[in-house]
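A.B. asks: Pasting the sequence and the predicted coordinates here, then a few questions.
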There are 2 protein chains.
Amino acid sequence: MTILKPGGIIGIIGGGQLGRMLAMAAARLGLNCCIYNDEANAPAFQVTPLQATAPYDDRIMLTGFAQLCDVITFEFENLPADQLSYLATLKPLRPGVKALALLQDRLSEKRFIESLGLRTAPFAEVSRAPDARAAFAEIGGPAILKTRRLGYDGKGQAKVVSADEAAGALAGFKGASCILEGFVDFAFEASVVAARGVDGLFAAYDPPENIHENHILRRSIVPGRLTAAQSLEAKTIAKKIAEALDYVGVLAVELFVKRDGTLLVNEIAPRVHNSGHWTIEACACSQFEQHIRAVAGWPLGDPRRHANAVMENIIGAEADAWESLAKSGALHLYGKREARLGRKMGHVTRLKPKA
Amino acid sequence: MTILKPGGIIGIIGGGQLGRMLAMAAARLGLNCCIYNDEANAPAFQVTPLQATAPYDDRIMLTGFAQLCDVITFEFENLPADQLSYLATLKPLRPGVKALALLQDRLSEKRFIESLGLRTAPFAEVSRAPDARAAFAEIGGPAILKTRRLGYDGKGQAKVVSADEAAGALAGFKGASCILEGFVDFAFEASVVAARGVDGLFAAYDPPENIHENHILRRSIVPGRLTAAQSLEAKTIAKKIAEALDYVGVLAVELFVKRDGTLLVNEIAPRVHNSGHWTIEACACSQFEQHIRAVAGWPLGDPRRHANAVMENIIGAEADAWESLAKSGALHLYGKREARLGRKMGHVTRLKPKA
């Protein structure tokens, strides 16, 4: 079991804001990060001198990268599975290939959730047009057709209200395998961010309520509308999932809270998560440090929250108001040069004393 | 008045742990730092790709460094005054040359403190052996002979109990100009870390009680033994000093709390300070972010404390126990390769809910 010493090097695949905040958290612990990203000017390149720019399937660069690092992790889960498997032959990959392969595919993810006895939205596999019609007949509308792979922030999703629309949406995804998911009429959304260490110990943060706009997280509120019992249930769900995957690192479980109070698992992200950014200010050990501790083989930190928090994303041109945002709370900007539409440019967290 | 935009570059003179934590705080705000240090392998070099290694009096390198940066600050106050003045002709230097020149010299610092009507230990100028004897006769023993320049962590200081010892200690400092300071029989030590922005606004953190061992800070405790009235007085002292210096940035005022409750100013550090490290976890805006905000011309952050905290330094070989330290609280390691005797290797902060 690899345990890094101070000064050890953690390889991070992906140089966006999550990689950036992971590298900053590693630096607190005296650990170094090497960032691998397929484009120059990545946000994470600004916070460490150790960096590589190359395509994600460049075996020569991946090999050199792995040789430099003591352990490898990632900030996004959609790296090709064969490259991940290759990296895992060179250095410890945390979380491991098993968890990633399973969660990269919405179909195997849903089946896995059900196999643990957890609730999820009704779903059916859809590969060809007749499947789409049959699935719609079975599940009913409204429903959401989702590509099995590579979706995020609402990309690769289409809401459908008829069998014809389901077949049409499938054609729109150009032959990508999909699932059709029953639309959940939830009261609100929530998530639980949790970690499991190499020693098998588990730690969960208090689950926030999440508000989405245009399929993008707008804000996370903790405590939100979850009851104490729902918070505990959310943590128990995360523990069950982490243990079944023999997981090492931070994961996030997105949840629907139904009007009758039941929790449905929406999806599982095998990484640090936007809905956990508030932990930077409100907890002694943030989700980023927690992930670094886990993948370094270190003991997990204390996930307890010592303040209430509201985290709000700064999207696109909203970042132009950086000066008033800096006045309003704990501001984080990700060092992105262009404020494109829908792009997450930063976030701001506002703390309040715990009631 | 220079105000940096996100993406702007702050030059930091000095690449130790303070420069490192400043650069990490700047990254949160989407600001970049370029570190200038006279030795390779500086702790701060691990957290930014922008770096320069050259002597502190290398005018060509200093010029290039200044050209790259939008504003210049420093992590230690003992840079030669003529180099500072030179840098200030090229780019805004915050805090400015006036404050630095005044505080680099213990004699002008003491006179400045007195000129504000603040209390300090009795002192006298000592340049030659007869001065030493005369000063001892005036102040009495025990007393401390201190070099006027370049002292830190007890270096350049000698405790003396007779006029002969005072003269001998002066000879030991090889002709350096000194002051003799009356020994203060204090109840405990404290400090106040505060900031002033380019807009003249002022913000102070709650003052911790500080415990020193072998002239090195061992721990800072907040709240410590200061009464509410003493805390307020400490903040008022810092405000008076910051305003008199037309200061921009974070400064720390070290205080003696006497048994009768009066506060004496021991010294003023024109920079972030070891006794303010607890603000990283216990406040939404740490002393490092506060300094970055000030020197960038941004609005100051909220200095309120949302938890009680004890910060403990990790000195020399104590860092070998990193694994149990990581279990015990929020661990910070500075990335130093060698654990030399008396060297600050990191610190750990432990939070408790506010009573």
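C.D. replies: Structure's in. What do you need?
A.B. asks: switch to C-alpha atoms for all contacts and neighbour counts from now on
C.D. replies: Will do.
A.B. asks: helix or strand right after the lengthiest helix in chain A?
C.D. replies: The single longest helix within chain A, with elements called by DSSP state H, is helix A:228-244. Downstream of helix A:228-244, the first helix or strand assigned by DSSP states H and E is strand A:249-258.
A.B. asks: Report all helices and strands that that following strand contacts.
C.D. replies: Secondary-structure packing of strand A:249-258 (3 or more Cα pairs under 8 Å, 6 or more residues apart in numbering or on different chains; DSSP states H and E): strand A:186-196, helix A:228-244, strand A:263-269, helix A:287-295.
A.B. asks: count of residues packed around A:Thr276?
C.D. replies: Check again: residue A:276 is Gly, not Thr. As a burial measure, A:Gly276 scores 22 neighbours (other Cα atoms under 10 Å in any protein chain shown).
A.B. asks: what domains does the record give for chain A?
C.D. replies: Per automatic domain parsing, the domain ranges recorded for chain A read A:9-93, A:122-182, A:186-352.
A.B. asks: Tell me which of these approaches B:Gly15 most closely.
C.D. replies: For B:Gly15, the closest of these is domain A:9-93, at 14.1 Å, according to Cα to Cα.
A.B. asks: tell me the mean pLDDT for that closest one?
C.D. replies: Averaged over domain A:9-93, pLDDT sits at 95.
A.B. asks: Stretch A:322-335 now?
C.D. replies: Per-residue scores along stretch A:322-335 average to 96.
A.B. asks: does chain B sit close to it?
C.D. replies: Yes. Contact of stretch A:322-335 with chain B is found when judged by Cα under 8 Å from any Cα of the partner chain, involving A:Trp322, A:Glu323, A:Ala326, A:Lys327, A:Gly329, A:Ala330, A:Leu331, A:His332, A:Leu333, A:Tyr334, A:Gly335.
A.B. asks: Pull out the buried members of those residues.
C.D. replies: Listed as buried from these are A:Trp322, A:Ala326, A:Gly329, A:Ala330, A:Leu331, A:His332, A:Leu333, A:Tyr334, A:Gly335; burial here means 16 or more other Cα atoms under 10 Å in any protein chain shown.
A.B. asks: Now render these as CSV, adding secondary structure.
C.D. replies: Compiled in CSV, those are given as follows (DSSP: H, G, I helix; E, B strand; the rest coil):
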residue, secondary structure
A:Trp322, helix
A:Ala326, helix
A:Gly329, coil
A:Ala330, strand
A:Leu331, strand
A:His332, strand
A:Leu333, strand
A:Tyr334, coil
A:Gly335, coil
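A.B. asks: If we only consider these, which is nearest to A:Ala88?
C.D. replies: When these are ranked by distance to A:Ala88 (Cα to Cα), A:Tyr334 comes first, at 29.1 Å.
A.B. asks: contacting residues for the closest one?
C.D. replies: For A:Tyr334, the contact set (Cα atoms under 8 Å, 6 or more residues apart in numbering or on different chains) comprises A:Gln17, A:Arg20, A:Pro43, A:Met345, A:Gly346, B:Ala27, B:Arg28, B:Leu29, B:Gly30.
A.B. asks: any chance of the residues you listed in a markdown table, plus neighbour count and secondary structure?
C.D. replies: A markdown table is the format used below for these (neighbours: other Cα atoms under 10 Å in any protein chain shown; DSSP: H, G, I helix; E, B strand; the rest coil):
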| residue | neighbour count | secondary structure |
| --- | --- | --- |
| A:Gln17 | 22 | helix |
| A:Arg20 | 28 | helix |
| A:Pro43 | 23 | helix |
| A:Met345 | 24 | strand |
| A:Gly346 | 23 | strand |
| B:Ala27 | 29 | helix |
| B:Arg28 | 22 | helix |
| B:Leu29 | 23 | strand |
| B:Gly30 | 23 | coil |
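A.B. asks: and the residues you listed as CSV, adding distance to B:Asn308?
C.D. replies: Listed next are the contacts of A:Tyr334 as CSV, based on distance: Cα to Cα, whole Å:
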residue, distance to B:Asn308
A:Gln17, 30
A:Arg20, 29
A:Pro43, 34
A:Met345, 32
A:Gly346, 29
B:Ala27, 26
B:Arg28, 24
B:Leu29, 25
B:Gly30, 29
